[in-house]
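> sequence isn't available, so here's the structure alone:
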């Protein structure tokens, strides 16, 4: 599970982030939650809309992941931290294929119910089209308000999603919407400064090498 400033990882998955110097190990005992948190005011927790993807990514099914995430979220909230939730493969999964949109809604709602102030829905395998995304949004809205998913400079990707190398860069989306009738929520009275986003993308890309 990812966190701002580091990672919380299941002990059986430490190999996946070998060499990362910001790993925070965690265990969730039966009766008590114990966390060692990095210096941050927010953590992010991840699950997925299909059992197949969650099993590949976290060695457990989606319901089990939510059960384990709940005490972590509550412990973070008790310490004054905000919790952001992510639902992967919200459109299609590299294993079973197209995803049941009702399932996406259920998992998104479950994430919100355990305390996530924002639930981001990820098209992990890049198979989303305007029609598919619209259908997904309409279904998810029946259970939880949709918040946005952003990624600067096309960063991201997943070890367990073959063929995906990163997310769509926010600045590319902003450029595509430039001079259109769409209003992008964010700073500057409802718009996001594309120059600032480009500069952020360049800065973080340089930091990551």
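Now that the structure is in, tell me what you want to look at. Note that the structure is a prediction, hence the values are computed from the model and not measured.
> what average pLDDT does stretch 126-135 get?
In this model, stretch 126-135 carries a mean pLDDT of 81.
> what is the end-to-end distance of it?
End-to-end span of stretch 126-135 (C-alpha to C-alpha, to the nearest Å): 16 Å.
> so what does the lengthiest helix in the chain touch, helix or strand wise?
Assignment by DSSP state H gives helix 62-78 as the longest helix of the chain. Counting contacts by 3 or more C-beta pairs under 8 Å, 6 or more residues apart in numbering; DSSP states H and E, helix 62-78 is packed against strand 42-48, helix 51-58, strand 82-88, helix 101-113. All C-beta spots, glycine's among them, are computed from the backbone N, C-alpha and C.
> out of the ones you listed, the one nearest residue 134 is which?
helix 101-113 (10.8 Å; C-beta to C-beta).
> what residues does the closest one touch?
Under the criterion C-beta atoms under 8 Å, 6 or more residues apart in numbering, residues 45, 47-50, 62, 66, 69, 85-87, 90, 119, 121, 135-136, 139-140, 142-144 lie in contact with helix 101-113.
> got a quick PyMOL command for the buried subset of these?
The buried subset of the contacts of helix 101-113, as determined by 16 or more other C-beta atoms under 10 Å, is captured in PyMOL by this line:
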select buried, resi 45+47+48+49+50+62+66+69+85+86+87+90+119+121+136+139+140+143+144
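> so where do the helices sit in the chain?
Going by DSSP H, the chain shows helices at 51-58, 62-78, 101-113, 130-140, 170-177, 187-190, 194-208.
> least confident of those helices, on average?
Taking the mean pLDDT of those, helix 187-190 comes last: a mean of 50.
> re the thing from before, include distance to residue 198 when you put the helices and strands packed on helix 62-78 into CSV, please.
Formatted as CSV, the helices and strands packed on helix 62-78 follow (distance: least, C-beta to C-beta, whole Å):
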stretch, distance to residue 198
strand 42-48, 24
helix 51-58, 31
strand 82-88, 24
helix 101-113, 31
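> so which of the helices of the chain comes closest to residue 95?
Closest to residue 95 of the helices of the chain is helix 51-58 (C-beta to C-beta; 3.7 Å).
> show me what that closest one is packed up against.
Counting by 3+ C-beta pairs under 8 Å, 6+ apart, helix 51-58 packs on strand 42-48, helix 62-78.
> in the longest one, what counts as buried?
Just to be clear, that refers to helix 62-78. 62, 65, 66, 68, 69, 70, 71, 72, 73, 75, 76, 77.
> which ones are touching residue 90?
Per C-beta under 8 Å, 6+ apart, neighbours of residue 90: 49, 99, 104, 108, 121, 122, 123, 124, 136, 140.
> one more: residue 140?
By C-beta under 8 Å, 6+ apart, the neighbours of residue 140 are 90, 101, 104, 105, 108, 121, 146.
> of all those residues, which two lie farthest apart?
It's 101 and 146 that sit farthest apart of the contacts of residue 140, by C-beta to C-beta, at 12.5 Å.
> so what's residue 197 closest to, chain neighbours aside?
Counting by C-beta to C-beta, 6 or more residues apart in numbering, residue 197 lies nearest to residue 171, which is 4.2 Å off, once chain neighbours are set aside.
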